[in-house]
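Trainee: What would the 3D arrangement of this be:
(2 chains)
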There are 2 protein chains.
Amino acid sequence: MKSLDVCLSPELLHLFPIKDRSVVIADILRATSCMVTAFAHGVKAIKPYASLEGCRNSKQPGIFIAGERNGLKVEGFDLGNSPFEYMAPELKGTVIHMTTTNGTQAIEKSAGGSAIFIGSFLNLSALADVLIKENRDVLIVCAGWKGKVNLEDTLFAGALAHLLSSHYNFECDAPLIAEAVYLQAKNDLTEAVSQASHTRRLNRLNIFKDISFCLTPDQYPVVPCLQNGYITLPG
Amino acid sequence: MKSLDVCLSPELLHLFPIKDRSVVIADILRATSCMVTAFAHGVKAIKPYASLEGCRNSKQPGIFIAGERNGLKVEGFDLGNSPFEYMAPELKGTVIHMTTTNGTQAIEKSAGGSAIFIGSFLNLSALADVLIKENRDVLIVCAGWKGKVNLEDTLFAGALAHLLSSHYNFECDAPLIAEAVYLQAKNDLTEAVSQASHTRRLNRLNIFKDISFCLTPDQYPVVPCLQNGYITLPG
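Mentor: Here you go, the predicted structure:
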């Protein structure tokens, strides 16, 4: 039986083997939820940038740039970090260059995995199916908030670990911890996350609708995957 | 209202302010549980050593040395890491020099707090009372396992956060995460910890009795505190 582990913050990533693993990146509020939404609405590719200036300088005709820092859209960028922005018909078939506070940093740090998948509640079951089919050890990497653990990414890791628990051995305690948090909160994820520090930050920015959407499982059957610096849908 | 935060692994400690805080160190299996047990049975002082060789070389007549690495007593040391060893009448009034895999490292990394307390289930309520009386911001530092988070220290952090929740603001998400894990498991902590990786390691070493004891709240009213390199009882 393959093993599953959870890295609750990118600051702990050096403690985990990555090579030969399927790595799942989760930045539920809101980078990976936006990415999944974008692909479900026909976006062709997303290139993640850890650096804000790198992303800004990559702007070219025909390329949309998306930027968020500290929960706010970056001035001069085409797109921010609300999943609803990524449903726009004009994005269909296009390429987006994206940088966010935590999510795109976590993706950059996770380079080296055999496959790097974009995880969110929105594609939870589809992702679980792909992981089982790929049949590698799994590492779920929570993007967290500036190095600290956060509730929403931990809840997602717990939901995915719970869904996969009959197929994988839990390698250390982090999957048990995340699963317990998920089981404690699962009857009302939005209520649980409304207590979280990130939500308190974001509520000030009036994005309660985003939060509720980002915590809804199984909206889209897409499983984006990083290859050669671009996130795309396989096949 | 003062704030409370939880650092789930010493590897994340650089992200937290320590100055002017009451810092609680928790290494439930088994360093801090041993320390609390020792003081409840009349030990005068414990000097923590991060380094095994440092501790070994400190051996002098009249000083007991206690050493554990990877769950096993270190050869040539007087004491290991079972709380039951620390109930011995001959330890009354003595000084112990102690080094452990995780706990004494966490204590060393936490130097800089206004006060550093030794936390365990065994002295849970007494510790909560002292923290409230001291009236500083609180940081609970989980010793974890070689940098990774572990279940038993997270459960303790959650139990303490839950007990203190009406007196403190939770600063980030880690207290919410720890509290949820505790609430999910509280009806049978031993059963929950029996799933944990550390227990699986330790069960091989036949210490189920230790684990069950270390998860029992409020056995002793002592609250050991680090000062000038020595852990003692105040007053």
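Trainee: what packs against whichever helix in chain A runs longest?
Mentor: The longest helix of chain A (DSSP state H) is helix A:151-164. The helices and strands touching helix A:151-164, judged by 3 or more C-beta pairs under 8 Å, 6 or more residues apart in numbering or on different chains; DSSP states H and E, are strand A:3-7, strand A:21-26, helix A:124-134, strand A:137-142, helix A:174-185, helix A:189-193, helix A:197-203, helix B:174-185. Bear in mind the C-beta positions are built from the backbone N, C-alpha and C, glycine included.
Trainee: Quick one: work out the angle between that helix and helix B:174-185.
Mentor: With axes from the mean of the first three to the mean of the last three C-alpha atoms, to 10 degrees as the basis, helix A:151-164 and helix B:174-185 are set at 30 degrees to each other.
Trainee: contacting residues around A:Ser22?
Mentor: Listed by C-beta atoms under 8 Å, 6 or more residues apart in numbering or on different chains, the contact set of A:Ser22 reads A:Gly113, A:Ser114, A:Ala115, A:Phe117, A:Leu131, A:Glu134, A:Arg136, A:Asp137, A:Val138, A:Leu139.
Trainee: how about those, which pair is most distant?
Mentor: Across the contacts of A:Ser22, the longest distance by C-beta to C-beta is 13.4 Å; it joins A:Phe117 and A:Asp137.
Trainee: how about the residues of chain A that lie near chain B?
Mentor: Counting by C-beta under 8 Å from any C-beta of the partner chain, chain A comes close to chain B at A:8-9, A:11-12, A:15, A:145-151, A:154, A:170-174, A:176-177, A:180-181, A:183-185, A:192, A:195-198.
Trainee: Tell me the buried residues within those residues.
Mentor: A:8-9, A:11-12, A:15, A:145, A:148-151, A:154, A:170-174, A:176-177, A:180-181, A:183-185, A:192, A:196-198 (16 or more other C-beta atoms under 10 Å in any protein chain shown).
Trainee: Any chance of CSV for the helices and strands packed on helix A:151-164, columns distance to B:Lys19?
Mentor: Formatted as CSV, the helices and strands packed on helix A:151-164 follow (distance: least, C-beta to C-beta, whole Å):
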stretch, distance to B:Lys19
strand A:3-7, 29
strand A:21-26, 33
helix A:124-134, 41
strand A:137-142, 28
helix A:174-185, 28
helix A:189-193, 31
helix A:197-203, 21
helix B:174-185, 19
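Trainee: Out of these, name the one with the poorest average pLDDT.
Mentor: Per-stretch mean pLDDT for the helices and strands packed on helix A:151-164 is lowest at helix A:197-203 (a mean of 67).
Trainee: next helix or strand past the least confident helix or strand in chain A by mean pLDDT?
Mentor: Among the helices and strands of chain A, helix A:197-203 carries the lowest confidence by mean pLDDT, DSSP states H and E, at a mean of 67. Using DSSP states H and E, the helix or strand that follows helix A:197-203 towards the C-terminus is helix A:208-214.
Trainee: Who are the packing partners of the helix or strand following that next one?
Mentor: As assigned by DSSP H and E, the chain's next helix or strand after helix A:208-214 is strand A:225-227. With contacts taken as 3+ C-beta pairs under 8 Å, 6+ apart, strand A:225-227 sits against strand A:115-119.
Trainee: same thing but at 10 Å, please
Mentor: strand A:21-26, strand A:45-48, strand A:115-119, strand A:230-232 (3 or more C-beta pairs under 10 Å, 6 or more residues apart in numbering or on different chains; DSSP states H and E).
Trainee: where's that strand relative to the chain centroid, distance-wise?
Mentor: Put simply, strand A:225-227 sits 13 Å off its chain's centre (C-alpha atoms, centre = their mean, to the nearest Å).
Trainee: and what of stretch A:225-235?
Mentor: For stretch A:225-235, the separation from the chain centroid amounts to 14 Å (computed by C-alpha atoms, centre = their mean).
Trainee: same thing with stretch A:180-194?
Mentor: Relative to the centre of its chain, stretch A:180-194 is centred 18 Å away, using C-alpha atoms, centre = their mean.
Trainee: How far does that stretch stretch from one end to the other?
Mentor: End-to-end distance for stretch A:180-194, by C-alpha to C-alpha, to the nearest Å: 18 Å.
Trainee: Kindly report the same for stretch A:183-196.
Mentor: First-to-last distance for stretch A:183-196 - C-alpha to C-alpha - comes to 17 Å.
Trainee: got the contact list for that stretch?
Mentor: Stretch A:183-196 is contacted from outside by A:28-29, A:121, A:145, A:150-152, A:154-156, A:158-159, A:162, A:181-182, A:199-200, A:202-203, A:208, A:211-217, B:170, B:172-173, B:176-177, B:179-185, using C-beta atoms under 10 Å, 6 or more residues apart in numbering or on different chains.
Trainee: mind listing what A:Gly235 touches?
Mentor: Contact analysis of A:Gly235 by C-beta under 10 Å, 6+ apart lists A:Cys225.
Trainee: err, A:Phe39, not the other one
Mentor: A:45-46, A:86, A:118, A:123, A:220, A:222-225, A:231-233 are the contacts of A:Phe39 under C-beta under 10 Å, 6+ apart.
Trainee: Please tell me which one of those residues counts the most neighbours.
Mentor: Greatest neighbour count in those, by other C-beta atoms under 10 Å in any protein chain shown, goes to A:Ile118: 30 neighbours.
Trainee: OK, contacts around that one?
Mentor: So A:Ile118 contacts A:24-27, A:31-36, A:38-39, A:46, A:48, A:103, A:107, A:127, A:222-226, A:231, A:233 (C-beta under 10 Å, 6+ apart).
Trainee: Try it again at 8 Å.
Mentor: A:Ile118 neighbours (C-beta under 8 Å, 6+ apart): A:Val24, A:Ile25, A:Thr32, A:Met35, A:Val36, A:Val223, A:Pro224, A:Cys225, A:Leu226, A:Ile231.
Trainee: from the residues you listed, which is closest to B:Glu90?
Mentor: Closest to B:Glu90 out of the contacts of A:Ile118 is A:Val24 (53.5 Å), distances taken as C-beta to C-beta.
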